[in-house]
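A.B. asks: No sequence on hand, only this structure:
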């Protein structure tokens, strides 16, 4: 099944749930409403046409500062600034953020038997972040447990129905969520352990 076929099949199955879709550099992406997440995920896993039996990753993106100032350069792992080359044109433009919402929770699914992959994005959260919550997929994929805990820890996005939503990378006394764009880079955290 090609990326276009996969997108069309999901749009046909969930006309009310799919807000948008695109194929960027061969990767199929559907943007769905948060209300349809459980139903779409269950269908992706259980329907013979999709057989998405592997939840590869759950992550998030904070678009709060997207497009507000240009990025002057990209940095390589060596720390050297590398600018995109004007001689290598990008034939496909990235379609941009999935909507006006601040966050997007991003799911990467793969079908081991059918060898196709799909990215599902769920936009959520207003500027005040009071709405940064989505249903947990732990009931469908046990592996979502730690992935959702990481998203909670780094971005502060809550997962309704998660059996044990607590920090996984940082200590419990850590204040804030460090992958949010408004997290102060020079913020001091409370010390833990014995004081020398």
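C.D. replies: Yep, it's here. Keep in mind it's a predicted model, so treat the numbers as computed, not measured.
A.B. asks: Residue 138: what's it in contact with?
C.D. replies: 144, 145, 148, 159, 161, 162, 163 (CB atoms under 8 Å, 6 or more residues apart in numbering). Quick note: C-beta positions are derived from backbone N, CA and C, even for glycine.
A.B. asks: outside of stretch 139-155, which residues touch it?
C.D. replies: 38, 41-42, 45, 55, 57-60, 62, 103, 105, 132, 136-138, 157-159, 161-170, 177-180.
A.B. asks: OK, contacts around the nearest residue to residue 33 once chain neighbours are set aside?
C.D. replies: Excluding the flanking residues, the one nearest residue 33 by CB to CB, 6 or more residues apart in numbering is residue 17, at 5.5 Å. For residue 17, the contact set (CB under 8 Å, 6+ apart) comprises 32, 33, 35, 36, 39, 40.
A.B. asks: Any figure for the gap between residue 17 and residue 55?
C.D. replies: As defined by CB to CB, to the nearest Å, residue 17 lies at a distance of 18 Å from residue 55.
A.B. asks: picking up where we left off before, filter the contacts of residue 138 down to just the ones in helices.
C.D. replies: Under the assignment DSSP state H, those contribute 144, 145, 148 to helices.
A.B. asks: before we move on, the earlier item: using ChimeraX, make a named selection holding only the buried ones among the contacts of stretch 139-155.
C.D. replies: Selection of buried members from the contacts of stretch 139-155 for ChimeraX, criterion 16 or more other CB atoms under 10 Å:
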select :38,41,45,55,58,60,62,103,105,132,136,137,138,157,158,159,162,165,168,177,178,179,180
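A.B. asks: could the contacts of residue 138 go into JSON lines alongside distance to residue 8 and pLDDT?
C.D. replies: Formatted as JSON lines, the contacts of residue 138 follow (distance: CB to CB, whole Å; pLDDT from 0 to 100):
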{"residue": "144", "distance to residue 8": "26", "pLDDT": "97"}
{"residue": "145", "distance to residue 8": "32", "pLDDT": "97"}
{"residue": "148", "distance to residue 8": "29", "pLDDT": "97"}
{"residue": "159", "distance to residue 8": "29", "pLDDT": "96"}
{"residue": "161", "distance to residue 8": "30", "pLDDT": "96"}
{"residue": "162", "distance to residue 8": "32", "pLDDT": "97"}
{"residue": "163", "distance to residue 8": "35", "pLDDT": "95"}
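A.B. asks: ranges for the helices of the protein?
C.D. replies: 3-13, 37-46, 144-155.
A.B. asks: Any buried residues in the last one, and which?
C.D. replies: Under the neighbour-count criterion of 16+ other CB under 10 Å, helix 144-155 has 144, 145, 147, 148, 149, 150, 151, 152, 153, 154, 155 buried.
A.B. asks: Closest to residue 49 out of these?
C.D. replies: Closest to residue 49 out of those is residue 144 (22.0 Å), distances taken as CB to CB.
A.B. asks: and the closest residue to that closest one other than its chain neighbours, what does it touch?
C.D. replies: The shortest distance from residue 144 to any non-neighbouring residue, by CB to CB, 6+ apart, is to residue 137 (4.3 Å). By CB under 8 Å, 6+ apart, the contact set of residue 137 is 37, 38, 41, 55, 58, 107, 144, 148.
A.B. asks: Done for today, thanks.
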